[in-house]
Structure formats: C-alpha cells, structure tokens
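Enquirer: need coordinates for the below:
(2 chains)
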Amino acid sequence: AQSVTQPDIHITVSEGASLELRCNYSYGATPYLFWYVQSPGQGLQLLLKYFSGDTLVQGIKGFEAEFKRSQSSFNLRKPSVHWSDAAEYFCAVGASSGGGADGLTFGKGTHLIIQP
Amino acid sequence: NAGVTQTPKFQVLKTGQSMTLQCAQDMNHEYMSWYRQDPGMGLRLIHYSVGAGITDQGEVPNGYNVSRSTTEDFPLRLLSAAPSQTSVYFCASSYSVGNQETQYFGPGTRLLVL
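Expert: Down below sits the predicted model:
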C-alpha cells in the first residue's frame, strides 16, 4: 500500500530564512508526487508536482522540490520565506498526473510557523 | 467558471440523521473525489469517480455513499451520521489529457455530528 510520511508536524522559521519541508513516500511503481498548501480555513492549492523528467521541480510562490528516488523523498524548499507562507503543507502521492483518476494519498501535514 | 462548489459550508447534525453533501463542477471534469480532513490526519480519500456512472471506494468509505449520475455532480451521502464523521469534507475534480492534469479542490464543508 502507498503511504506518505511528513516527519515534522510543526516547523518554525524566521522570516527571510530558508525552508525545507521533508516528505518520504512508499509506492510500488513510478510515483506522481505533489505538494499542496492550505492556508487557515481555506481549501488546498497545488504548489508543484513531479511525474517524470528533471528531478528538481519549480512551483508557484517561489517553491521548489527535489525528487530523490534512492531516498524515496520529495522535499519542498524555499530560499527565503515570507510571513504569508505560514500555512499547512501537505505532500501527496498518486498514480496519475493530477491524482484524480484514483485519488491521492496524503501525508499528515507540516504546520509552518513564520517568526518575525 | 465557478470551479468546484460545495454546499453547505457548515452543517450540524445529530447522531443518526442523514444528509447529503453537495459537490458540483462546471469544468466538464471527468474525475471527481471526496476527501475528509481530520486534525493531525491529513486528507483521506472516501470515494472517487472516473466518470458518470462509475464510482469506487477510497481509503475510508464506511458510512458514506456516493453516486455520479451526471458529469457535473458528485454528492456524498451520510445515511446515519455518527460523531466519528465530524470532519471537514473536500471535493475535488480534474481532467486528464495525457500527462497534463490538475486537480482542483472545493472550499470544503465543515460537518459537526453531535
């Protein structure tokens, strides 16, 4: 069965500092990997996704993620965080390029806190 | 396009009551899904559909029924609500062309079962 692990429940980062959110997955085939962000009281917004090709993926809002097959990881990074980045971040794995064909398996999320 | 719409936004039920959470999309998307979100649990797939008349179970289907009679609508039915179904419910839809697919999530329905 597929699974996603986000080891960090909470992360606190100072504004302007760099950020890395960890994600490890377990999947039997070539995975489609996603990062979503959820602001308080809001729905989910897709930040980026990976399904093939270049292992470094660029997304919206200045985020990027690197797929490492050997480590079964898909960590999310941002060089300099802004206060507006405070949110819940979810890593997900699926069998299709958007996750709609048979659903996504989500991690439990990482809550990002930005210190002034 | 209105995107993915969900109604109601918030609902309080008593144990044993039934209700239907509505989900509609006007983007002619073939794929639709229902997820529930609980604190510390992330999102978990309840049911999904790959087209009108076709549905399948996800990770946590017990206590929920779905049907897909049209492309636009994918209602989620709770036949006898239980406190364990207190959650935030998200509907999602997407359309796939080759490897190009983006899933859109609705704003959610917050359900409280007393």
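Enquirer: which ones are touching the residue positioned nearest the centre of chain A?
Expert: Centroid-nearest residue in chain A: A:Trp35, 3.1 Å away (criterion: C-alpha atoms, centre = their mean). Taking C-beta atoms under 8 Å, 6 or more residues apart in numbering or on different chains as the criterion, A:Trp35 is in contact with A:21, A:23, A:46-49, A:59, A:63, A:65, A:74, A:76, A:89-92. C-beta: built from backbone N, CA, C; applies to glycine.
Enquirer: and what of B:Glu59?
Expert: Under the criterion of C-beta under 8 Å, 6+ apart, the contact partners of B:Glu59 comprise A:103, A:105, B:44-46.
Enquirer: of all those residues, which two lie farthest apart?
Expert: The largest distance within these, taken as C-beta to C-beta, falls between A:Thr105 and B:Ile46 and amounts to 13.0 Å.
Enquirer: just to revisit the earlier point, keep only those of the contacts of B:Glu59 that are in strands.
Expert: Members of these lying in strands (criterion: DSSP state E): A:105, B:44-46.
Enquirer: and which of those residues is nearest to B:Leu13?
Expert: Sorting these by distance to B:Leu13 puts B:Ile46 at the head of the list, at 16.5 Å, by C-beta to C-beta.
Enquirer: any idea how far the closest residue to A:Thr55 other than its chain neighbours lies from chain B?
Expert: Sequence neighbours aside, A:Phe67 is the residue nearest to A:Thr55 in space, at 4.4 Å (criterion: C-beta to C-beta, 6 or more residues apart in numbering or on different chains). Plainly put, A:Phe67 is 15 Å away from chain B if you go by C-beta to the nearest C-beta, to the nearest Å.
Enquirer: A:Phe67 reaches A:Val57, doesn't it?
Expert: Yes: with the criterion set as C-beta atoms under 8 Å, A:Phe67 and A:Val57 qualify as a contacting pair; they are 7.0 Å apart.
Enquirer: any residues in contact with both of those two?
Expert: When contacts are counted by C-beta under 8 Å, 6+ apart, A:Phe67 and A:Val57 are jointly contacted by A:Tyr50.
Enquirer: which of the three states applies to the residue nearest to the spatial centre of chain B?
Expert: For chain B, the residue whose C-alpha lies nearest the mean C-alpha position (C-alpha atoms, centre = their mean) is B:Trp34; its distance is 2.9 Å. Under the three-state scheme (DSSP: H, G, I helix; E, B strand; the rest coil), the conformation of B:Trp34 reads as strand.
Enquirer: quick check, pLDDT for it.
Expert: Confidence per residue is given as pLDDT, and for B:Trp34 that number is 97.
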